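> Okay, structure incoming, though there's no sequence with it:
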């Protein structure tokens, strides 16, 4: 059994900083129990979440001038053969994330281990979001290119596995936590997309299974949490400030998830201008009400048990905010964490 977070802070990952050292320092200082590496999209377009993990992916085309990524199916057969040669040989380094695509990762690894930390967090774009957002030249999402999408799922899984290995090497006493972020799952059930629950579960479970450590998924809005709770994920990260109600309707699924050892990451700190007016105590009370509701679903957990199995976070990434607001959100999350920890001591 891994250590419990006990309302420790956790960051989604993106920051608006253009100073790498400053960004790494912020992530460690404000998340001392679960530090993670910062994604810095303002430094380079390649740090955007749909490009950042594209290295080594078959048929991926990155256009620097237009700052975009697309997939070329005509290149897929040859490049998929090369990819699978490395994949079947268990060549995890083939899926490494280079400094060109993640300026903060290398400097963060050099800071490990962080004294007093229990966890080390990394992140990868989830397969459903990548598969539905990135398309071929004809605007057909890669999700609907069957064999190519299968290879992309394996590539994303390998990116998560590579990070977990690097974390274990650098900080053997800290548990790796790898998130597969799925913002596009807010569209589950929409008539505009064809995405079955089976596709969501099977692709995510393949990613989770590759990681030697804990796994998580972040969705920044409402979604079918019953689908995600039925996967093999360890941590569900949700927007608890605006979308807690959408989570709490899945009573049976949440009870089963928590009973099997699942944990929650409460994205309780808003990332817009409301953060400047939000009070830590009021946000903490909102989390406590949610924890009480989840304890009431069954599974033999008390309110305090739910809180011990909880992280505290901002509701979404901070990359599009100004630096002052971003740091305020991280400070506020720490204050909410302190308020909640006083309830479970």
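In hand now; what should we look at? Only a predicted model underlies this, so the values are computations on that prediction, with no experimental measurement involved.
> can we go C-alpha only for contacts and neighbour counts from here?
Will do.
> Any regions of the stretch 101-250 of the chain where pLDDT drops low?
Within the stretch 101-250 of the chain, the stretches with pLDDT under 70 are 189-192.
> in it, which spans are strands?
Using DSSP state E, counting those that start in this stretch, the strands of the stretch 101-250 of the chain run over residues 119-125, 175-181, 214-219, 235-238.
> which residues sit against the third one?
Read it as strand 214-219. 12, 126, 175-186, 208, 233-239 (CA atoms under 8 Å, 6 or more residues apart in numbering).
> Adding mean neighbour count and distance to residue 141, write the strands of the stretch 101-250 of the chain out as a markdown table.
Listed next are the strands of the stretch 101-250 of the chain as a markdown table, based on neighbours: other CA atoms under 10 Å; distance: least, CA to CA, whole Å:
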| stretch | mean neighbour count | distance to residue 141 |
| --- | --- | --- |
| strand 119-125 | 26 | 15 |
| strand 175-181 | 25 | 18 |
| strand 214-219 | 24 | 20 |
| strand 235-238 | 26 | 26 |
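> what would these look like in a markdown table with distance to residue 66?
As requested, these are exported to a markdown table (distance: least, CA to CA, whole Å):
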| stretch | distance to residue 66 |
| --- | --- |
| strand 119-125 | 21 |
| strand 175-181 | 24 |
| strand 214-219 | 27 |
| strand 235-238 | 32 |
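> right, so of those, which gets closest to residue 293?
strand 235-238 (15.5 Å; CA to CA).
> List the neighbouring strands of the closest one plus their orientation.
Using DSSP bridges, strand 235-238 pairs in its sheet with strand 214-219 (parallel), strand 263-269 (parallel).
> now stretch 332-345, how far from the centre of its chain.
Distance, stretch centre to chain centre, for stretch 332-345: 22 Å (CA atoms, centre = their mean, to the nearest Å).
> now stretch 314-323
14 Å.
> Mean confidence (pLDDT) on it, please.
The pLDDT scores in stretch 314-323 average 95.
> So what touches that stretch?
11-17, 39-42, 220, 238-241, 266-272, 326, 329-330, 333.
> do you know how far the residue lying closest to residue 15 once chain neighbours are set aside is from residue 73?
Once flanking residues are discounted, residue 15 sits nearest to residue 319: 4.1 Å by CA to CA, 6 or more residues apart in numbering. With distances taken as CA to CA, to the nearest Å, residue 319 is found 31 Å from residue 73.
> before we move on, what about residue 312?
The spacing between residue 312 and residue 73, counted by CA to CA, is 41 Å.
> For these two, indicate the residue with more neighbours.
Legend: neighbour count by other CA atoms under 10 Å for residue 312 and residue 73, higher for residue 312 (31 against 17).
> so that one sits in a helix?
No: under DSSP: H, G, I helix; E, B strand; the rest coil, residue 312 sits outside any helix and is assigned strand.
> Surely it and residue 263 touch.
No: Residue 312 is beyond contact range of residue 263, at 11.2 Å (criterion: CA atoms under 8 Å).
> which residues touch the residue lying closest to residue 225 once chain neighbours are set aside?
Closest residue to residue 225 apart from its sequence neighbours, by CA to CA, 6+ apart: residue 247 at 6.2 Å. The contact partners of residue 247, by CA under 8 Å, 6+ apart, come to 222-223, 225, 238.
> what do you get for residue 160?
Applying CA under 8 Å, 6+ apart, we find residue 160 in contact with 122-124, 178-179, 207, 210-211.
> Which one of these is nearest to residue 64?
residue 124 (21.1 Å).
> Isn't the closest one up against residue 51?
No: using CA under 8 Å, residue 124 makes no contact with residue 51, being 10.6 Å away.
> can you pick the most crowded of the contacts of residue 247?
Among these, the one with the most neighbours (other CA under 10 Å) is residue 238, at 28 neighbours.
> which residues does that residue bridge with?
residue 219, residue 266.
> Having no further points to raise, I will conclude here.
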